[in-house]
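J.: Return atomic coordinates for the entry below.
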Amino acid sequence: MTPSSCEETPSDIEVSGDENRSPNRKFFSSSLNSFRGVANMLGSHSFTCERLSPLPELDWVEQKELWHSMVLKDMVYVRDSRMLQRHPDLEPRMRAILLDWLTEEIYPPKLEQFSYVTDGACNDSQILAQELILIMTLNWNLSPISVIGWLSIFLQLAHLEDGENLIGPEKCPKQLVLEITRVLDLCILDTDSLKYPYSVLAASAIAHFISKETAMHVSGISWGELLPCVTWMKPFVEVACDNGPVQMIHFNDIAVEYRHNIQTHSASLRLLDRVHERQQTTVNEFSPSTVLRELTPPHSHKKKKLIILD
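T.: As a prediction, the model looks like this:
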């Protein structure tokens, strides 16, 4: 059942069990040099997709090939979970603040604004030259499927009836989209989100808000592979729902049926701090010192008498 609001505690999902655990997936290093030849990988048929395609039959493309390319992109455009280890001068909070600022931006900054804030460190032409180096190194492969892109696909599949095509009006409840999007935006602020592919993050959110069966069906990912991310995501879902429902913002120039697609600043650093507090509380509850205190033998006068049978 789809929850109508966060009051129905979508995070009350069973996060135990390792059935259907799939083999370890191979992910590519995210260093800059590893992106050379990405075009060959995207066009290669040597990659075998182990995830079953949940896509319906399509009249404009072969659905298995489409799913193959989508899953391959999720593996090629992998994020580096050890990013901060490579840059010791950076801290997780710095990354979170930057992403929080980007979410608040009304429009993308212009080139001259970027060069202006460098205070003379570089000019417009130098920025453009470096951009050209980056896109040539990436071989112009600049179109990954974002976590929200995967979420949109999964929600569409979750509410698709037999015989329907993917291209059509969205049937997913608008409020549900807002609630899940807030959780994913909140997750992205945390560096631990870099450990999981975008499709796994989106499917884990589906598991919390709808069901684990739906998450496995629309993503083709086994529960064993989703379970670590689902468990990690639980405090994010709880904190987001404790903060109350997301309010849809009204835009005069955007039709009502599309307003839920506009990213708003519903996930904040304040919520992220609350998530970290909840995570720390959970760690303390199950810390070795707590367990040892519970296992301390009772006083002699409180010990139970044992009856030894011959």
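
J.: for the helix ranked longest in the chain, packing partners?
T.: Selection of the longest helix in the chain by residue count, based on DSSP state H, yields helix 223-242. Under the contact definition 3 or more CB pairs under 8 Å, 6 or more residues apart in numbering; DSSP states H and E, helix 223-242 sits against helix 174-188, helix 198-209, helix 212-219, helix 269-285. Glycine gets a C-beta too; all of them are placed from N, C-alpha and C.

J.: Nearest to Val71, out of these?
T.: Distance to Val71, taken as CB to CB, is lowest for helix 198-209 among the helices and strands packed on helix 223-242, at 7.4 Å.

J.: Tell me which of the helices and strands packed on helix 223-242 is the most buried.
T.: helix 198-209 (a mean of 26; mean count of other CB atoms under 10 Å).

J.: which residues are in contact with that one?
T.: If you take CB atoms under 8 Å, 6 or more residues apart in numbering as the criterion, helix 198-209 is touched by 2-3, 10-11, 13, 71, 74, 144-151, 154-155, 158, 176, 179-180, 183-184, 187, 193, 196, 214-216, 218-219, 221, 225-226, 229-230, 233-234, 237.

J.: 6 Å instead, please
T.: Helix 198-209 is contacted by residues 10-11, 13, 74, 147, 150-151, 154, 180, 183-184, 214-215, 219, 221, 226, 229-230, 233, 237 when judged by CB atoms under 6 Å, 6 or more residues apart in numbering.

J.: Check the model's average confidence along stretch 245-261 for me.
T.: Stretch 245-261 shows a mean pLDDT of 70.

J.: Gln126: which element?
T.: Assigned by DSSP states H and E, Gln126 belongs to helix 124-137.

J.: Can I get that helix in PDB, CA atoms only?
T.: Provided in PDB are the C-alpha atoms of helix 124-137 (Å, rounded to 0.1, in the frame of the first residue of the first chain):
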ATOM      1  CA  ASP A 124      36.800  33.100 -18.400                       C
ATOM      2  CA  SER A 125      39.000  31.600 -21.100                       C
ATOM      3  CA  GLN A 126      41.000  29.500 -18.600                       C
ATOM      4  CA  ILE A 127      37.800  28.100 -17.100                       C
ATOM      5  CA  LEU A 128      36.500  27.200 -20.600                       C
ATOM      6  CA  ALA A 129      39.900  25.600 -21.500                       C
ATOM      7  CA  GLN A 130      39.700  23.400 -18.400                       C
ATOM      8  CA  GLU A 131      36.100  22.500 -19.100                       C
ATOM      9  CA  LEU A 132      37.200  21.400 -22.600                       C
ATOM     10  CA  ILE A 133      39.900  19.200 -21.100                       C
ATOM     11  CA  LEU A 134      37.400  17.500 -18.800                       C
ATOM     12  CA  ILE A 135      34.700  16.800 -21.500                       C
ATOM     13  CA  MET A 136      37.400  15.500 -23.900                       C
ATOM     14  CA  THR A 137      38.700  13.200 -21.200                       C
END
